[in-house]
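Q: Got a predicted model here, sequence first, then my questions.
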Amino acid sequence: MRNLFTCFLLLCMVVPAFALAQHRVSGRVTDVLTSGGVPGVTVIVKGTTTATQTDAAGNYTIEANASDTLVFRSVGYALQEVPIANQTTIDVVLEDEGTELDEVVVIGYGTQRQRNLTTAVTTVRADDIAKTPNAQAMQSLQGRVAGVQIVSNGAPGASPTVRLRGIGSFEGSSAPLYVVDGMFFDNIDFLNPNDIETISVLKDASASAIYGVRAGNGVVLIETKSGAYNKPGEIVYDGYYGIQNPQNVLKMANTQQFVQYIREAGVADTNFINNAMQRYGRSRVDPNIPDVNTDWYHEIMSPAPIQNHNLSFNGGGESTRYSIGGSYFNQSGLLNEQRNDYTRMNFRVKVDSKVKDWLNVGGNFNVSTARQYTGENTAWFRAYFSVPILPVYDENNTAAEPLKLANAQHIGYRGGQNPFFPLMYIDNRNHVAKMLGNFHLEANLIENKLKFRTQYNYGLSFVNLRRVEFEYSDGITDYQSAIRRQNAADYDQVWDNFLTYDDDFGKHNLNVVLGQSYRSEYSELLFARGTAIAPAPSRAAEHYWYLSNAQEFDEGGVGDANDGTLNANLKFLSFFGRAAYNYDGRYLLYTTFRRDGNNKFQKTWGNFATVGAGWVLSEEEFFDVPGIDFLKFRASWGQLGNDAIAPAVGLPTLEENNGAINDVRTIGRRLNPTFDLIAEWETTVETNFGLDAQFLNNRLSLEADYFIRDTRNLAVRIAPPVIRGEERRSVGEIRNTGLELNLNWRDQLSENFSYNIGGNIATLKNQVLGLGGADGLDAGSAEFRQRSIIGNPYQAFYGYEVAGVFQRGAFDDGAGMDDLVAASGYTEDFITANQLKAGDLIYKDQNGDGEITDEDRVILGSYLPDFTWGFNLGFRYKKLEFSTLLQGQSGYHLLNRKRGEMIFTNDTNIDADLATGLWRGEGTSDKYPSAAGLRKTWNQKMSTYYVENASYFRVQNVRLSYSFFGRDINGVSWPETRLTFTAERPLTVFSYNGFNPEVANGVDREVYPIPAIYTLGVTIKL
């Protein structure tokens, strides 16, 4: 009996050992239509990280256990799973599926198949990211992801503004949380877009809630590129060179139009015109105008180059994979006569190693260093207002030095106007260095079922800002030199530890994640400003540009700001969990929970939970609808938080006061009764209903989502009774609701030709629901008021509605008075008091009392679009590929603050549209006032005259590429090569009177133009 038992025990040990013994599996992957090998197919040992890719002929080799299952995955093909079952050769034929339902998408602390999602997640992959020639990866999402608004910025190296499903906070940034390989960031300006494998946008609360208090504005997960196991080393060069061309350049009034406007205004400015003719001469074409006609926008800007170069090394063996890369990016700015460019260099190393059968370790190091010379925005401001009768240079301005720039004061104007003063005599530089370090360890505790992962991320950021003002004279005033320096440093770390359990039992599948996370953020800021630099700074002597050469210091410009305005020393401790259940591919359940603790607010701990469910109707036996291949309904509810607001002290404070007692300075303290109290977390509660479907043999796909997103306990500044001052309290509430649709068609008509067409639309309704008892909350300036009013959008423009222009009549004429009353409904006393006449604007009397008062102000529009859309089209014919992306948005407005500056000074130029559209008699204009009316206080009220519709249509991207070589020719092995031509934003159509219809905060005062970019690129793979 004992011997029998011993044999049985040995048998039990040998059989599993035999089953676990690894052996080599090889084969070829071919296409069902062409029978040709399919390169780049990912072959994965299911439930492990062991993977490889097929070579150019479709061949592969991989190490696996006899009992394992191989997963074959490639974009555009149906996923296949093949049990090894002791086979050593496995050939696979892939069929075109036209769907990505079986694609694995990245979610918080793990992955999930697209078909099993109950949340709103959209993934953009490397190919689409690379289509956009820009410094910032998020720019590539514009028009591609429904519900994500990207507001472009044309300045070199500048990041776009990103909003996911509207705005949900009265203070702080609306930017989402960026998670790069596990590390938290407020922006990803340091990343090279070519280093990114995928960008996953977690749009709804259910998808984002596992990140808790940092996820209030949504989450963007970014995975950088990795190598592949059992893949020969590959060298890839990718680069492009192009030109940025100013587009939609705003036309300003030329000299003839400007002189006409001034003379029609009937003001003393005509003396300035005469002075200009005396100083600069008379035009030979028209002797009544000066012989100067300066187009200031033409003078200050010109086309500029852009280039990018990437070199990467990727591959791996049986136990280690690697990806190493470096890149150089340079973007020159549009401004002339000033250093205005952005240069960034990136280096990265990412290595994963299977140290033991049960243990994987890896690391990721990404360092970025950038130097940005920012253009002086006042140059754009001055270019709009500088009069065309002023030249750039004036040889008669002999007192000006070092350059004889023209000064408008010499012909009578109050200011110098010339935009070349800030261009020539100011230098702004930002030097930015950022580093991301990541180390992770993953242990398989139970093979293919339970694993433990620990990952530590450390982020460093150093920003050195320098502003130098040169010593110069404009011919009237002497300006001394000055230097301002600012050094900021951020030290952030995140340490995550979590267990993942994944198991199949019968028709049931269960995935559970349990973890803990620690995060700390520490910041420092030091700044100083010195004046009267000796020796005086000049372009040729940059080695003197230091504060040590300053003779004086600006006391108000010196400080150490580690005082609570920054994330001085914040610590967070979190516990999280997630469970995803799937029954027979039909019924889906999903839930997460996160508990966050912090030392930033009075509310120390917060709990954030979510639940989601899905029903795959198409998997039911009774479902047999021709043409519908997949149909899933899903719904979710979740909570998440926002800590991207300033900290709060939470109690009254003592302030130091100095006073004189008996002629002796005495230091005392007084109680400040006003204080901020953040008693509750800013919490977003969101409900999302969704539908995913595939039709017509998976060629047509549909994704639809409707969401209701309420953000509560918002920090709002309120005025306490009796006490002067403001306090922040957690009393506000904002709601965002919307519908998002994404529809795509993809088909392959033959072996050589395939095409795709698709589009997305999104609606957004933003409403303020609560302000702690107040009816409205003011923003903007007193002259250009923005107001958050209950039931209306956040910080909407607030003023008077223009109903037209008085065509006849004058306040001091009896018959004319009747015309004015009939046209407006105003009382005669009101018309007389405001001295109204033909050519003045008519404001709508909202309450019908015959007067225009504050009670007649209404919401004039919001800078948040009601409707955004994108449309894409592409085809492939043999080795030729073409794609185009169109996008646009509507239902939003911008404040044309440039026109409004006339309130503060009226001796400036005006734009050509206004100059030619002024009221010049009955029937000439019902939109703009007369020339004289422009300078009248009545016509300068905040109104729809300044607030314009900014809807636009844009050809966002056009890309044409051709691939060749990649084979042996006459015995010579030629590398795979692809040439690409790209046009980014070649056409934008809009009616708004500005450079572009994209302004992040809705107020257009001095906005950097957004250029069209044309590039020619090449990709070479060895």
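A: That came through, no problem.
Q: So the residue nearest to His298 when sequence neighbours are not counted: helix, strand or coil?
A: Counting by C-beta to C-beta, 6 or more residues apart in numbering, His298 lies nearest to Val249, which is 7.7 Å off, once chain neighbours are set aside. Just so you know, the C-beta spots here come from the backbone N, C-alpha and C atoms, and that holds for glycine as well. Put simply, Val249 is coil when judged by DSSP: H, G, I helix; E, B strand; the rest coil.
Q: now swap in Ser206 and tell me
A: helix.
Q: and it, how many neighbours does it have?
A: 32 (other C-beta atoms under 10 Å).
Q: Give the buried residues for stretch 404-417.
A: Across stretch 404-417, burial judged by 16 or more other C-beta atoms under 10 Å covers 404-411, 413, 416-417.
Q: how far out from the middle of the chain is it?
A: 40 Å (C-alpha atoms, centre = their mean, to the nearest Å).
Q: Determine how far the last residue of it lies from the first.
A: 14 Å (C-alpha to C-alpha, to the nearest Å).
Q: now stretch 391-409
A: 13 Å.
Q: picking up where we left off before, of the buried residues of stretch 404-417, just say which sits nearest to Glu621.
A: Nearest to Glu621 out of those is Gln417 (C-beta to C-beta; 78.3 Å).
Q: Report the contact partners of the closest one.
A: 382, 385-387, 390, 407-408, 908 (C-beta atoms under 8 Å, 6 or more residues apart in numbering).
Q: is it true that Glu733 touches Ala715?
A: No. The criterion here is C-beta atoms under 8 Å, and Glu733 misses it with Ala715 at 11.6 Å.
Q: Neighbour count: the two, which is higher?
A: More neighbours surround Ala715 than the other of Glu733 and Ala715, with 23 against 19 (other C-beta under 10 Å).
Q: Just list whatever residues bridge to the more buried one.
A: Ser730 (DSSP bridges).
Q: Just the pLDDT for it.
A: pLDDT recorded at Ala715 is 84.
Q: quick one on the thing from earlier: check the buried residues of stretch 404-417 and tell me the two furthest apart.
A: Taking C-beta to C-beta, no two of the buried residues of stretch 404-417 sit farther apart than Lys404 and Tyr413, at 17.7 Å.
Q: one step back: for the residue nearest to His298, phi and psi?
A: phi -60, psi 130 (degrees, to the nearest 10).
Q: Over to the one 10 residues further on?
A: Backbone dihedrals for Val259, given as degrees, to the nearest 10, come out at phi -60, psi -40.
Q: isn't it right next to Val387, touching?
A: No. In this structure Val259 lies outside contact range of Val387 using C-beta under 8 Å: 9.8 Å.
Q: pLDDT weak spots in the stretch 451-600 of the chain?
A: For the stretch 451-600 of the chain, the stretches with pLDDT under 70 are 561-568.
Q: same check, this time on the stretch 601-750 of the chain
A: In the stretch 601-750 of the chain, residues with pLDDT under 70: 649-662, 665-675, 719-725.
Q: Now do the strands in it.
A: Using DSSP state E, counting those that start in this stretch, the strands of the stretch 601-750 of the chain run over 605-616, 628-642, 653-661, 664-672, 682-695, 700-718, 727-748.
Q: Nearest to Arg214 among the ones you listed would be which one?
A: strand 628-642 (7.4 Å).
Q: how about that closest one: buried residues?
A: Those would be 629-642, for strand 628-642 by 16+ other C-beta under 10 Å.
Q: Among Val259 and Val387, which residue is more densely surrounded?
A: It is Val387, of Val259 and Val387, that has more neighbours when counted by other C-beta under 10 Å, with 28 against 24.
Q: Report how many residues lie close to the nearest residue to Ser754 once chain neighbours are set aside.
A: Nearest non-adjacent residue to Ser754, counting by C-beta to C-beta, 6+ apart: Gln748, 4.0 Å away. Neighbour count of Gln748, defined by other C-beta under 10 Å: 17.
Q: in terms of contact, does Gln748 touch Asn698 like I think?
A: No. With contact defined as C-beta under 8 Å, Gln748 does not count as touching Asn698 (11.6 Å).
Q: Report the distance from stretch 196-215 to the chain centre.
A: That offset, for stretch 196-215, works out to 15 Å (C-alpha atoms, centre = their mean).
Q: do stretch 1000-1014 as well
A: Using C-alpha atoms, centre = their mean, the offset of stretch 1000-1014 from its chain centre is 14 Å.
Q: Span of it from start to end?
A: Stretch 1000-1014: ends 24 Å apart by C-alpha to C-alpha.
Q: Show residues contacting stretch 40-48.
A: Contacts of stretch 40-48 (C-beta under 8 Å, 6+ apart): 29, 50-54, 58, 60, 62, 64-65, 68-74, 77, 81, 94, 228, 444, 447-448, 502.
Q: let's see 7 Å
A: Identification of contacts with stretch 40-48 by C-beta atoms under 7 Å, 6 or more residues apart in numbering yields 29, 51-54, 60, 62, 64, 68-74, 81, 448.
Q: Just the buried residues from those residues, in ChimeraX please.
A: Selection command for ChimeraX covering only the buried members of those, criterion 16+ other C-beta under 10 Å:
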select :29,51,52,53,54,60,62,64,68,69,70,71,72,73,74
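Q: The closest residue to Tyr590 other than its chain neighbours and Phe633, how far apart?
A: Leaving aside its sequence neighbours, Tyr590 sits nearest to Gly612 (C-beta to C-beta, 6+ apart; 4.0 Å). Counting by C-beta to C-beta, to the nearest Å, the gap from Gly612 to Phe633 is 11 Å.
Q: got it, and Asp91?
A: For Asp91, the distance to Phe633 - C-beta to C-beta - is 38 Å.
Q: Mind putting the buried residues of stretch 404-417 into CSV with pLDDT and distance to Ile196?
A: Below are the buried residues of stretch 404-417 laid out as CSV (pLDDT from 0 to 100; distance: C-beta to C-beta, whole Å):
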residue, pLDDT, distance to Ile196
Lys404, 96, 50
Leu405, 96, 45
Ala406, 96, 48
Asn407, 96, 49
Ala408, 95, 49
Gln409, 95, 52
His410, 95, 54
Ile411, 94, 54
Tyr413, 91, 51
Gly416, 91, 46
Gln417, 92, 45
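Q: Could I get the full set of helices for the chain?
A: Taking DSSP state H as the criterion, the chain carries its helices at 2-20, 126-129, 205-208, 255-265, 270-280, 296-300, 378-385, 420-425, 814-824, 828-833, 897-900, 912-917, 931-934.
Q: what sits up against the last one?
A: By C-beta under 7 Å, 6+ apart, the list of residues contacting helix 931-934 from outside reads 261, 264-266, 839-840, 902, 918, 939.
Q: one more time with 10 Å, if that's ok
A: 260-267, 805-806, 836-841, 899, 902, 906, 910, 914-915, 918-920, 928, 939-940, 945 (C-beta atoms under 10 Å, 6 or more residues apart in numbering).
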